[in-house]
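**Q** Next one to model:
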Amino acid sequence: MVWEDVPARRRRVALQSRDLDLFRHLARFGVEVSTRIAYEFFPARDLTACQRRLKALTEGGYLVRGRPQLSRGSVPCIYRLTRAGFGRGSSTKTKTARPSSPSSASGRAVWAAERSRWSTTSGPAAR
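**A** Next up, the predicted model:
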């Protein structure tokens, strides 16, 4: 698995309620493939619309895209939250046990646990 770097210069993205729902989903489950994201969050749209939105959120610094390395064939890209995405997803009112802000002491502990859980030796750690 190769995780792409978070862009140094972030693209400005106007977040939609669907984006915040996606951030909460990724905060809960860690990672998700693009086809499942399209199925869950883009029910009336095609995969191309989902991919464009995921690209914008990735360029905005909210998501990181991973590409599985295969000798043959292809598989969907895998997405996970960055620190910015984690903060936006957990700062909205939800019924989760997660802290309301990653800048708090408990939020930093949760972020460190999530980062160590999803970081790999073949790519950069979550930012």
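**Q** Please, where are all the helices along this protein?
**A** Counting by DSSP state H, the chain has helices at residues 17-29, 34-41, 47-59, 83-91, 105-118.
**Q** can I get those helices in JSON lines with mean pLDDT and distance to Arg67?
**A** Quick note: C-beta positions are derived from backbone N, CA and C, even for glycine. Listed next are those as JSON lines, based on pLDDT from 0 to 100; distance: least, CB to CB, whole Å:
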{"stretch": "helix 17-29", "mean pLDDT": "93", "distance to Arg67": "17"}
{"stretch": "helix 34-41", "mean pLDDT": "92", "distance to Arg67": "11"}
{"stretch": "helix 47-59", "mean pLDDT": "93", "distance to Arg67": "12"}
{"stretch": "helix 83-91", "mean pLDDT": "78", "distance to Arg67": "18"}
{"stretch": "helix 105-118", "mean pLDDT": "58", "distance to Arg67": "15"}
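**Q** so which of these comes closest to Ser71?
**A** helix 34-41 (21.1 Å; CB to CB).
**Q** For that closest one, buried residues please.
**A** Residues Ser34, Ile37, Ala38, Phe41 are the ones in helix 34-41 that count as buried (16 or more other CB atoms under 10 Å).
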